[in-house]
Structure formats: C-alpha cells, structure tokens
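> My questions concern the predicted model and sequence given below.
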Amino acid sequence: MTDATAAERPIRAKGALRRLAERPLALFGLFLILLVVGGAVLAPLVAPFDPSEQHFDGLTIEGAPLPPGGVFLLGTDLLGRDLLSRILWGARTSLIIGVAANGLALVIGTLVGLTAGYFRGWIGAVLMRFTDLMMAFPALLLAICLAAIFQPSLWIVAMVIAFVNWVQTARVIFTETSALSEREFIAAERTLGAGTGRILFRHILPHLLPTIIVWGTLGISTTVLLEATLSYLGVGVQPPTPSWGNIIFENQTYFQSAPWLVFIPGAAILLLALAFNLVGDALRDVLDPTQRGRD
Amino acid sequence: MPAYLLRRLFQSALILLGVSLVTFILLYVLPADPVRQIAGRSATPQVVENIRRQLGLDQPFLVQYGRYLWGLLQGDFGRSYLQKTDVATLIAARLPATLQLMGGAILCELVLGLTMGIVAALRRGRALDQGLMIVSFVAVSAPQFVVSLLLLYVFAVKLGWFPIGGYGTLSHLVLPAVTLGILGSGWYSRMMRSSMIDVLRQDYIRTARAKGLTRGRVILRHALPNAILPIVAMIGIDIGIFMGGIVVVESVFGWPGIGQLAWQAIQRIDIPIIMGVTMVSACAIVLGNLLADLVTPFIDPRIKLK
C-alpha cells in the first residue's frame, strides 16, 4: 500500500496543479504573490530612488509630503522619501519575515504535533497540554509584549512571530498523526522492524505533506499581518529599514492630510495577506481529499 | 454533569497556572530592567538597589513567582510599578469599556458573518455566493489598524458621521466595534457557509421539504439550529483573537479599555499590569472555551457531556 501511494503521488501532484490553475481566485493570488516577490527581488533595479534618500524636492514649500503623481509616482513621505521605493524595499521585509517566521513556526508545529501524535504516553500528553496552554494566550498581546521587551530586529521579530504561531499547526498535525499511527500500514512497518525515525519521516511525514503545504501557505498570511501590526505599533521592524507596517507607523500623524501614506502601504499588506489566503484555501480544496466537493 | 464540570474547571485552573508561569518566566528573563525605568536615568546605584529591594525584585525567581501566585489566589494582581495603584483596581476600572466594545464587536460579527454565510450557502455556486466569499477573504486579510484608520478617515474625517476617537456615547462605539467585527465576520461567514451546506445536504432536510413545509420554515427551524453548532464552538478562539485586537483598536481609537492599559504598560515595562491583563485575557479565553462546551448540549441534545 505504501508503494502504491508513493507511486501515485507525482501524478496526484500534477493533477493538483492543474486543478489549481482552474481556479481564477487562486490564479489571482498567485499573480499577486509573483508581483510582490518580483518587486522584492528586483527592488534594487526597479525602485526609482534610494528608499532612504530624503529628496530636496520631495516636500512642498510648506514641508508637507507630495501626493502621488509626477516624479514620485506614489508620492513622498514626511521626510521627503519616495514612497514607491520604500514600498518595493518594504516588500523584502514582509516576505523575509513571512517566509522565515512561518517556516520556523511550521517546523516547530510539525515536530511537536508529530511527536505528540506518534508517542502517545506522557510525552504526547505533556506536549499537547503545553499547546493547550499556548492556545489560552492571546497571541497578538503576547507577541506585542515580547517584541516590545526585546530590542526588536528583523530576526527577533521573526522569532517572536514563530513563537506565537506554531500552535495551530501542531494541533492539526497531532490529529492527523494520531489517526495515521493507527493505520495498518504503519503497524505493518513496525512488524517488519522499521525504526521509529524511518516510520515517522518516511511513512508518516509524506502523508502529512498536503496539510503542511496548506497550513504553510495560510500561515504566511497570518505572519504578514502580525509583522505589519507589530511594525505599525513601533515594536516590529525598526526604521530606517522600510516595512509596510512601519511606513504607516512613521506617517500616521499626518494621515488626515496625506492619506496615501497610510492607505497605499495598507493596501499592499492587505493584498499580500489576501493572496496567500486565496492560494492556501484553493490548495486545501485541491490537496485535501476530505474537503473535496464542498465548493 | 457535575463530575464533568468539576474536571473541566480543574483543567482550566491548570491551564491558567501554566499561563501565569510562562508569562512570569518570559517577563523575568527579559533584558529590559523595570527598576531603571522607575528610577529614571539620573538615579544613583543606591537608589536603584533600594527600589529593587522594595519591589522584591532582588529575590530568587521561585520566591517571586510564589508570592505572585499567592496574591493571585486572593484576587491580588500586585501593584503597578509606576501608577502606585493596585492592578486589580486599574483593570476593574477599564473592564466596562472593553466589555462594551466586545459586546458591540460580537453583535457586529455575528450579524454580518452569519447573514453572509447563510445567504452564500443558499445561493451556493452563484455569483452572489462567490462575491460574498471574496468579501470574507478580504475581511480576514485586512490588518485591523488599516481598517481602523480607513473607517476613521472615511466616516469620521470626511463624512463626519462619527467622532474621531474617545468613549462615552453609542456613536463613539460604532467605528471600533465595526473594526473588530469585520475580522470575525470573515471567519464566521466561511464557517457558517460550509456548515449550512453540510446540513442542507442531510436527509432530514429533504424529509422536511417533502412533508410540504415551506422553504423558509425548513431553513429557520430545521437547518439553522444544526448549522450553528460549529459556530458556538468558536467562542473561545474568537475571544483570543478579540483580546489581541483590542490592543491595536483601543489605542487607535483612544478607547479607555484594558487593551489600551496593556499597551501603555508594555511601553513603560510596567510588569504587574502586563501580567494582570494577560491573566485576565487568558481567563476570558478559558471561560469562553468552557462555555462553548457547556452550551452545545443545550443546542443539540444529541451531544452528551462526559
């Protein structure tokens, strides 16, 4: 049975991709992600200006920021810096944190869930009680607390986010692993003398892959939002490193007269989070057999 | 039932104990020194030491934690480092504002979310369904601080329908409550839709229709009570998201609740207040989960607690 599923997998993966391509919303999400990734990677080439250069002609005579249009396509911020360039460089921050923090959370969550689900007994009990405990924390409050207390840097922020975000993954992986370990083919492997490591990583983990992919994609959306919120409160990524959240943090005092400084980066955050949600949701429909036929 | 209740209460107490321990450890190992913050920059080392001793911060970790726990059991959350007031008093003074906001937000997310979910399920696969699901995706992807600022800009600054911030009247409540409600409505509408679709597929719905009941009656009396069950189970999770959201939303709108209290305390490293708000939030989440489990058998008599 294990051989059969292993052989089927590549074909299923191809089918999954094709089914994904049939969904306009997922395609729209993919397009947005590619756009942001492209902007982030090519920022040094496509950004019209240096993101931290304070332009002499970037402010009006009264010292107010310039609205969108003209030389500065999206306008300038309070210090006369080009908003478009800051948004493009800020995409790097969002994506680095999105991928790093979420990757870390995914690894922690998968390991905890896998261990707790396979070794029931006291190890499983202790780990799952700890996850219950983490569920009782208001995640955002905890993250704000931690980020404010440690001197925030890009990597500290990523670690704080990972620390509050692994819990859901752990619970899902736990449920699936406990169900899988009861199945005959795992029992058969055990009888054949396969070691614990082999069973976990060669036989159980591949079955969890669809779940990990789905939660990994949806998780990036949560991470992007959390990073933006922390940076908006001033306890996330610190200026002068541009991040979409801290652009709003720096400029919000002016938001009544210069709304573009709040709503352009705000729209960028929303679209990126939306993109990962759309793709993640489509992936769930496509990869998870229990969800199939619901839409 | 009493045995079940007792066991669940015991479990909840254990979780709260764990939360207090984890928070205490995190705040204990923090690199920032609260004593320096209280004493100010120009304080002599002697003064700093005195304050440290007064607050008991020179004691070993277990002694400090033991003391805190002992106080907690008697309803004593400790004293604020900077405001020289009991944390319990500070929180109690701000709780009504937060509860009011919570009430408004829950009302908003249930009305918006459930309506959207039910309508989408009934119009499944049509344009309206797809449109509503896109709306729900946008709702869960929108950062709350951006929604706050957008609502403020449109409805307070431009249209002038609501005040820009503050607390007191119903019109102060609308914008912050809607901000918090939008996120929840996105989750609720998606849950409600898939739950409703599952229920509408059941045989007893077909039976009810076959008996000649009207479509409206079948939906309201037969489908809805069953479809609403998974929503009730979300109360606990919802309170968790809400408790995080109030920190942002209360500070943007200048709403004098415990979220704003927490945010001010975090900036000044006023640890007893941070601990206090975390414990109160954790209590709310644990109670929410407990409530959800206790209420389900009343909605659906087939479910028995054990």
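Okay, I see it. Please read these numbers as outputs of a predicted model, since none were measured by experiment.

> quick one, strands of the stretch 1-150 of chain A?
With DSSP state E, counting those that start in this stretch, there are no strands along the stretch 1-150 of chain A.

> Contacts only, for the closest residue to chain B within it.
Residue of the stretch 1-150 of chain A nearest chain B, by Cβ to the nearest Cβ: A:Leu140 (2.6 Å). Every C-beta, even on glycine, is put in place using the N, C-alpha and C of the backbone. Contacts for A:Leu140 (Cβ atoms under 8 Å, 6 or more residues apart in numbering or on different chains) come out as A:164, A:226, A:229, B:241, B:243-245, B:247-248.

> Poorly predicted segments of the chain, please.
I went with chain A, as the question did not name one. Counting by pLDDT under 70, chain A shows low-confidence ranges at A:1-14, A:58, A:63, A:288-295.

> that answer is for a different chain, and I need it for chain B
If you take pLDDT under 70 as the line, chain B has these spans: B:1, B:31-32, B:41, B:304-306.

> In it, which helix is the longest?
helix B:87-122 (DSSP state H).

> Just list what it packs against, helices and strands only.
Under the contact criterion of 3 or more Cβ pairs under 8 Å, 6 or more residues apart in numbering or on different chains; DSSP states H and E, helix B:87-122 touches helix B:127-141, helix B:170-200, helix B:224-227, helix B:235-253, helix B:258-267, helix B:271-299.

> got the residues of the stretch 51-200 of chain A near chain B?
Residues of the stretch 51-200 of chain A lying close to chain B by Cβ under 8 Å from any Cβ of the partner chain are A:129-130, A:132-133, A:135-146, A:148-151.

> Can you select the buried ones from the residues you listed in ChimeraX?
Selection of buried members from those for ChimeraX, criterion 16 or more other Cβ atoms under 10 Å in any protein chain shown:
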select /A:130,132,133,135,136,137,138,139,140,141,142,143,144,145,146,148,149,150
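
> quick one: which of the helices and strands packed on helix B:87-122 is nearest chain A?
Ranking the helices and strands packed on helix B:87-122 by their distance to chain A (criterion: Cβ to the nearest Cβ) puts helix B:235-253 first, at 2.6 Å.

> what angle sits between the closest one and helix B:87-122?
Interaxial angle of helix B:235-253 relative to helix B:87-122 (axes from the mean of the first three to the mean of the last three Cα atoms, to 10 degrees): 110 degrees.

> do helix B:235-253 and chain A meet at all?
Yes. Helix B:235-253 is in contact with chain A by Cβ under 8 Å from any Cβ, via B:237, B:240-241, B:243-245, B:247-248, B:251.

> does the residue nearest to B:Gln59 when sequence neighbours are not counted sit in a helix, a strand or a coil?
Spatial nearest neighbour of B:Gln59, chain neighbours left out: B:Arg67 (7.7 Å); criterion: Cβ to Cβ, 6 or more residues apart in numbering or on different chains. Look at B:Arg67: counting by DSSP: H, G, I helix; E, B strand; the rest coil, its state is helix.

> thought B:Arg67 was touching B:Leu57?
No. With contact defined as Cβ atoms under 8 Å, B:Arg67 does not reach B:Leu57; the gap is 11.0 Å.

> Residue most distant from the centroid, chain A?
Distance from the C-alpha centroid of chain A peaks at A:Ile61, with 41.4 Å (Cα atoms, centre = their mean).

> so what's the backbone phi/psi at it?
Note on A:Ile61: backbone dihedrals following degrees, to the nearest 10 are phi -60, psi -30.

> Contacts only, for residue 215.
Since you didn't name a chain, this refers to chain A. A:Trp215 touches A:106, A:109, A:168-169, A:172, A:280, counting by Cβ under 8 Å, 6+ apart.

> switch to chain B, that's the one I care about
Listed by Cβ under 8 Å, 6+ apart, the contact partners of B:Arg215 are B:Arg209.

> tell me the contacts of the residue lying closest to A:Leu127 once chain neighbours are set aside?
Counting by Cβ to Cβ, 6+ apart, A:Leu127 lies nearest to A:Ala116, which is 3.9 Å off, once chain neighbours are set aside. For A:Ala116, the contacting residues are A:123-124, A:127-128, A:131, A:170, A:174, A:177, by Cβ under 8 Å, 6+ apart.

> Compare the residues you listed and tell me which is most surrounded.
Top of the contacts of A:Ala116 by neighbour number is A:Ala170, holding 27 neighbours under the definition other Cβ atoms under 10 Å in any protein chain shown.

> need the contact list for it.
By Cβ under 8 Å, 6+ apart, the residues touching A:Ala170 are A:108-110, A:112-113, A:116, A:127, A:131.

> shouldn't A:Leu25 be in contact with B:Gly131?
No. Judged on Cβ under 8 Å, A:Leu25 makes no contact with B:Gly131 at a distance of 11.5 Å.

> which of these two has more neighbours?
Each of A:Leu25 and B:Gly131 has its neighbours counted (other Cβ under 10 Å); A:Leu25 has more, 18 against 13.

> Distance-wise, check the more buried one relative to A:Asp285.
As judged by Cβ to Cβ, to the nearest Å, A:Leu25 and A:Asp285 stand 11 Å apart.

> All set, thanks.
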